[in-house]
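**Student:** Build me a structure from this.
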Amino acid sequence: MNQHHIDGVQKVAGHGIPLVLVHGHGVDHRILLALDEVLAATGIFQRIYVDLPGMGGTAALDGAAGLPEIADWLQQLIRRQCGDRPFAMIGNSLGSLLAQEMGDRFGAQVMGIAMLAPLVYLAHSQRTVPPREILLQDPELLAGLPAQDADHYKQMSVLQTVENWQRFRTHALPGIRAVNLRSLAKLSKRYFLDELPVERTGQLRCPVLMLCGKHDHVTGFADPRRLAARYPSAEIVVVPAAGHNVHLDQPDIVAEEITGWAKAVSAFAVS
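**Tutor:** Next up is the predicted model:
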């Protein structure tokens with residue numbers, strides 16, 4: 001079942017608890033397809049991959065098209081896809097902030113949230129981030145790439161290896177190339193929510209997993225602890241030798257954590 005380009009849903013696969021997967025800023029759903037085999041193997045979820053407006057295969061929103069509008073758009077998409085059924089979410093970077101927001105909007109309907117490189121604060125000045133660090137450099141690899149691709153890769157990579165580049169090329173680069181730059185410019189003008197999830201007091205009791213790269217210079221690994229009060233069952237894992245693309249840098253660690261989380265969601269859904 002594919003509803004390409006119609007309503008933001010790019011791919012639906014499997015059966016079970018609906019799982020809405022939301023990518024980050026300036027990429028598309030393909031960055032999360034890296035998890036699809038692992039998620040399929042659990043047999044727990046119907047995976048619903050979304051492209052946010054102006055990214056991947058989804059047209060930009062008309063009008064203001066800032067983060068408040070994207071959050072409303074996502075809420076409508078989930079309502080269309082899931083109705084009143086319980087569902088879970090995986091969010092990556094900006095997608096993780098949107099997952100927190102949907103958790104607050106849908107409340108007890110949410111059976112679990114997993115966040116990769118969780119975003120807690122929108123303003124970069126408010127984030128606690130480690131200095132930029134490259135753990136493995138491969139000048140030969142970079143020299144052999146087209147300049148623009150090498151540039152995109154260098155901005156994010158902390159492990160410059162052939163295998164790592166191949167994962168980036170497959171999962172991150174297509175979305176980077178497909179993005180609507182005018183749409184991103186509009187988003188940057190309204191890059192806020194009236195109230196951030198971390199500023200609210202309500203609690204969500206479902207299984208919450210936060211996977212942070214130890215060397216993530218974009219969102220860091222310290223800020224997610226500020227969310228712990230809101231998610232009593234939260235598990236925060238700081239993944240060694242990983243940057244902002246934590247699941248591309250350490251796929252095996254992430255696979256194990258996501259599998260554990262999926263089982264916890266399944267148990268929570270029947271409790």
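
**Student:** which residues of the stretch 51-200 of the chain fall in strands?
**Tutor:** If DSSP state E, counting those that start in this stretch is used as the criterion, the strands of the stretch 51-200 of the chain fall at 87-92, 110-116.

**Student:** what residues are up against the closest residue to Cys206 other than its chain neighbours?
**Tutor:** Using C-beta to C-beta, 6 or more residues apart in numbering and skipping the chain neighbours, the partner closest in space to Cys206 is Gly112 (4.8 Å). C-beta: built from backbone N, CA, C; applies to glycine. If you count contacts by C-beta atoms under 8 Å, 6 or more residues apart in numbering, Gly112 has them with Ala88, Met89, Cys206, Pro207, Val208, Leu209, Trp261, Ala262, Ala264, Val265, Phe268.

**Student:** now, which of those residues sits nearest Leu196?
**Tutor:** Compare each of those with Leu196 using C-beta to C-beta and the shortest gap goes to Val208, at 16.2 Å.

**Student:** how close does that closest one get to Pro118?
**Tutor:** In this view, Val208 and Pro118 are 10 Å apart by C-beta to C-beta, to the nearest Å.

**Student:** Common neighbours of the two, please.
**Tutor:** Common contacts of Val208 and Pro118 (C-beta under 8 Å, 6+ apart): Leu227.

**Student:** Can you name the residues bridging to the residue lying closest to Leu98 once chain neighbours are set aside?
**Tutor:** In space, not counting the residues next to it along the chain, Leu98 is nearest to Val22; the distance is 5.3 Å by C-beta to C-beta, 6+ apart. Assessed by DSSP bridges, Val22 has beta-bridge partners Val50, Gly91.

**Student:** can you pull the contacts of Val22?
**Tutor:** Applying C-beta under 8 Å, 6+ apart, the residues contacting Val22 are Leu32, Val50, Leu52, Leu74, Met89, Ile90, Gly91, Asn92, Gly95, Ser96, Leu98, Ala99.

**Student:** quick one on the thing from earlier: among the contacts of Gly112, which ones are in helices?
**Tutor:** By the criterion of DSSP state H, membership of the contacts of Gly112 in helices covers Trp261, Ala262, Ala264, Val265, Phe268.

**Student:** Shouldn't Ala229 be within a strand?
**Tutor:** No: counting by DSSP: H, G, I helix; E, B strand; the rest coil, one finds Ala229 to be coil, located in no strand.

**Student:** tell me the pLDDT at the nearest residue to Ile176 once chain neighbours are set aside?
**Tutor:** The shortest distance from Ile176 to any residue other than its chain neighbours is 5.4 Å, reached at His152 (C-beta to C-beta, 6+ apart). We note a pLDDT of 96 for His152 in this prediction.

**Student:** Near His152, how many other residues are there?
**Tutor:** For His152, the number of neighbouring residues by other C-beta atoms under 10 Å comes to 18.

**Student:** ok, now Val238?
**Tutor:** If we define neighbours as other C-beta under 10 Å, then Val238 has 16 of them.

**Student:** Identify the bridge partners of it.
**Tutor:** Beta-bridge pairing of Val238 under DSSP bridges involves Cys212.

**Student:** From Gln250, how far out is it?
**Tutor:** Counting by C-beta to C-beta, the gap between Val238 and Gln250 amounts to 11 Å.

**Student:** what does Gln109 give?
**Tutor:** Look at Gln109 and Gln250: by C-beta to C-beta, they are 31 Å apart.

**Student:** between the ones in helices among the contacts of Gly112, which is closest to Leu136?
**Tutor:** The nearest member of the ones in helices among the contacts of Gly112 to Leu136, counting by C-beta to C-beta, is Trp261 at 28.0 Å.

**Student:** Just give the nearest non-adjacent residue to that closest one, would you?
**Tutor:** Closest residue to Trp261 apart from its sequence neighbours, by C-beta to C-beta, 6+ apart: Leu209 at 4.2 Å.

**Student:** OK, contacts around the residue minimising distance to the centre of the chain?
**Tutor:** Central residue check for the chain by C-alpha atoms, centre = their mean: the C-alpha nearest the mean position is that of Asn92, 1.2 Å away. Taking C-beta under 8 Å, 6+ apart, we find Asn92 in contact with Val22, His23, Gly24, Val27, Ile31, Leu32, Met115, Leu116, Ala117, His247.
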